[in-house]
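Engineer: quick one, fold the following:
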Amino acid sequence: MALADKRLENLQIYRVLQCVRNKDKKQIEKLTRLGYPELINFTEPIDGLSALHLASISNDTDMVSFLLKLGAHPDVQDHMGCTPTMRAAELGHELSMEILAKAKADMTIVDNEGKGVLFYCILPTKRHYRCSLIALEHGADVNNITYEGKPVFLRACEEAHDVKDMCLTFLEKGANPNAINTV
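Structural biologist: Predicted structure coming up:
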């Protein structure tokens with residue numbers, strides 16, 4: 001792609017992201033219809049955020065649903081390898097996670113460190129616990145291990161005093177109780 005084309009592509013991506021922040025659905029529709037093909041799934045060049053990432057981070061369930069209807073792919077990854085589902089889980093945005101799960105978001109994708117969505121749920125709030133339940137219900141790997149060799153169950157057990165219910169749920173869903181850090 002020529003340099004001018006890349007510049008135009010980036011400008012269109014940033015415009016879509018601005019429209020997501022401003023909740024300007026009419027302009028988003030226009031840009032996706034008249035702009036680059038698959039513009040809705042493009043990521044900006046710095047952090048790799050897509051329109052769906054932004055909507056998930058802000059827990060704008062209306063925008064998440066709207067973008068999915070326009071063809072946004074729920075498994076697009078940013079530069080860290082995180083999907084919109086991982087970002088929603090990290091922030092405890094259970095409503096956005098539920099919409100993404102119903103859109104068939106792949107709960108087995110791992111980020112650049114090998115961490116799956118359950119790693120992003122390990123925080124001591126009820127919302128994060130509910131996010132883990134959504135992820136598990138839709139196929140998250142309860143025996144996921146990072147590239148450094150740390151199992152998600154072991155990571156949860158390190159925080160067991162705050163996430164006891166999550167640890168017990170992981171066990172009920174088939175987590176290996178003998179999982180060890182392999183590094």
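
Engineer: please make it C-alpha for all contacts and neighbour counts, starting now.
Structural biologist: Noted.

Engineer: look at residue 8 and report its pLDDT.
Structural biologist: Note on residue 8: pLDDT of 87.

Engineer: mind listing what's buried along the helix or strand containing it?
Structural biologist: Residue 8 is part of helix 3-22, with elements assigned from DSSP states H and E. Neighbour counts over helix 3-22 (16 or more other C-alpha atoms under 10 Å) mark 9, 10, 12, 13, 14, 16, 17, 19, 20 as buried.

Engineer: ok, now stretch 140-157?
Structural biologist: Buried residues in stretch 140-157, counting neighbours by 16+ other C-alpha under 10 Å, are found at 140-146, 150-157.

Engineer: now stretch 78-91
Structural biologist: 78, 81, 82, 83, 84, 85, 86, 87, 88, 89, 90, 91.

Engineer: and the end-to-end length of that stretch?
Structural biologist: By C-alpha to C-alpha, to the nearest Å, the extent of stretch 78-91 from end to end equals 16 Å.

Engineer: neighbouring contacts of it?
Structural biologist: Stretch 78-91 is contacted by residues 43, 47-50, 52-54, 56-57, 59, 74-77, 94, 96-97, 100-101, 105, 107, 110-112, 116-117, 120-121, 128, 131-132 when judged by C-alpha atoms under 8 Å, 6 or more residues apart in numbering.

Engineer: re earlier: between which two of the buried residues of helix 3-22 is the distance greatest?
Structural biologist: 9 and 20 (16.7 Å; C-alpha to C-alpha).
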